[in-house]
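**Student:** Okay, here's the prediction I keep looking at, along with the sequence it came from:
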Amino acid sequence: MNNEQVKQPKEKRSVSFTVFKYVIAVALVVLMAYFGFTTEVREGSCAVILRFGAVREEISDAGLYFRLPWPFETVVTYDNRLQYLESNYLETTTKDKRNVIIQSYVVWKINDPVKYHNSVGSQGKVDTYIKGQVFSATNSVMGAYELSALVSLEKEQIKTAQIQDEIFARVRDNCAKNYGIEVDDVSILRLSLPDTNLQSVFDQMRADRQKDIDTILANAQRDANKITSDADAQASQIIADGVTAAAAIKQQTETDVAKIYAEAQAANLELYQFLKQLDTVVASVNEGNVLVVKANEYPFSILSEYGSYLTDESDETIVKDLSHILSQLPEADRKALTDAIYELIAAAGTGDAS
């Protein structure tokens, strides 16, 4: 009874150990199968499966893939995310034989894993290959453009975008054809000039600026001449209109004066004769002149004749008649005539006229 009880625990331990060994063996087999017969390609990567060194399959998508264990098959993985690369400084020559220094940047990724592996592989020289393509494309493109396409004060002469597009197209096509690389962008990062070319560039910029100044001055002088011409034409028109208006006013004034004289003659012949003689006297002198005449001769006899007959009442009558007549004249003529009459009458009354 005791022997049977001792044997049962031993048998149970033996079975448990055997199961454990099988579980370990199966786990080892699964692990060996997983690592030996599969390969994992992570997101952002691509790979090629090589069988005895030759490409059997290319993998562009992330996931778990079957393969034979080494040494039958091996897996080479590459990073196919977008990558940034700056080219070396390149001194090249333009169409007009000017040297320029250009540095560009390239954005690229692997597009064809098999072609990339066969041309570039794991040598780590992909940067050198891409820089070589940028160097070649830049030299070819810049040889067709003058320096003013890169540096100029004239906006329409700048063709930087066009130059970049041509360089990008050449690099893109060559990299896709030769290396399985997809180039997303090639742009000029820095542009500089050798010291020997700086002075010539500055001279060209000064010449362009002086050309702009000359154009601005010429346009300003043209506008000034037009403004002056228009102003002269307007002034001439204003003067002509003024002369025409003055002539019309003078004509109307003469008509009004003649009408007044006619009315005066019809109303009072003696007053009319007096006014006519007075006009003659006034027309004979100007301001500042000293007139020496014989007061008893026509027409200056009016001064002494009227001066001797004037009384207070007659003075008032003459003034009233004159006021009526003068009221028909323009203000300036009326005032001048009134002042002249009073002065002449006063001089005649005192006997100053001689």
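**Tutor:** Everything's here; your move. Numbers count the residues shown, from 1 in each chain.
**Student:** where along the chain do the helices fall?
**Tutor:** With DSSP state H, the ranges of helices along the chain come out as 2-37, 113-119, 126-142, 160-179, 195-267, 269-284, 301-309, 312-326, 331-350.
**Student:** Just the CA atoms of the second one, as PDB, please.
**Tutor:** Output for helix 113-119, consisting of C-alpha atoms alone and laid out as PDB, is shown next (Å, rounded to 0.1, in the frame of the first residue of the first chain):
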ATOM      1  CA  PRO A 113      13.200  48.900 -54.400                       C
ATOM      2  CA  VAL A 114      14.600  46.400 -57.000                       C
ATOM      3  CA  LYS A 115      16.200  49.000 -59.200                       C
ATOM      4  CA  TYR A 116      17.400  50.900 -56.100                       C
ATOM      5  CA  HIS A 117      19.000  47.800 -54.800                       C
ATOM      6  CA  ASN A 118      20.700  46.900 -58.000                       C
ATOM      7  CA  SER A 119      22.100  50.400 -58.700                       C
END
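**Student:** quick one, domains of this structure?
**Tutor:** Domain segmentation of the chain under automatic domain parsing yields 19-79, 83-193, 268-350.
**Student:** Could you find the closest non-adjacent residue to residue 59?
**Tutor:** Nearest in space to residue 59, with sequence neighbours left out and distances taken as Cβ to Cβ, 6 or more residues apart in numbering, is residue 47 at 4.4 Å. From N, CA and C alone the C-beta is placed, and that goes for glycine too.
**Student:** Looks like the one you found contacts residue 74 (just checking).
**Tutor:** No: applying Cβ atoms under 8 Å as the test, residue 47 and residue 74 come out as separate, 10.2 Å apart.
**Student:** higher neighbour count, those two?
**Tutor:** Per other Cβ atoms under 10 Å, whichever of residue 47 and residue 74 has more neighbours is residue 47, with 23 against 17.
**Student:** Quickly list what the more buried one is bridged to.
**Tutor:** Partner residues in beta bridges with residue 47: residue 59, residue 77, with DSSP bridges as the criterion.
**Student:** i'd like the first residue to be 737 from this point on
**Tutor:** Right, with 737 as the first residue, what we last looked at is residue 783.
**Student:** what sits against it?
**Tutor:** Each residue near residue 783 by Cβ atoms under 8 Å, 6 or more residues apart in numbering is listed here: 775, 777, 794, 795, 801, 811, 812, 813, 814, 849.
**Student:** next one: residue 850
**Tutor:** For residue 850, the contact set (Cβ under 8 Å, 6+ apart) comprises 784, 791, 794, 916.
**Student:** Which one (most neighbours) among the contacts of residue 783?
**Tutor:** Neighbours were tallied for each of the contacts of residue 783 (criterion: other Cβ under 10 Å), and the maximum of 22 neighbours falls on residue 849.
**Student:** how far away is that one from residue 789?
**Tutor:** Distance check for residue 849 against residue 789: by Cβ to Cβ, to the nearest Å, it reads 16 Å.
**Student:** Low-confidence ranges, the stretch 787-936 of the chain, go.
**Tutor:** Low-confidence segments of the stretch 787-936 of the chain (pLDDT under 70): 858-860, 931-936.
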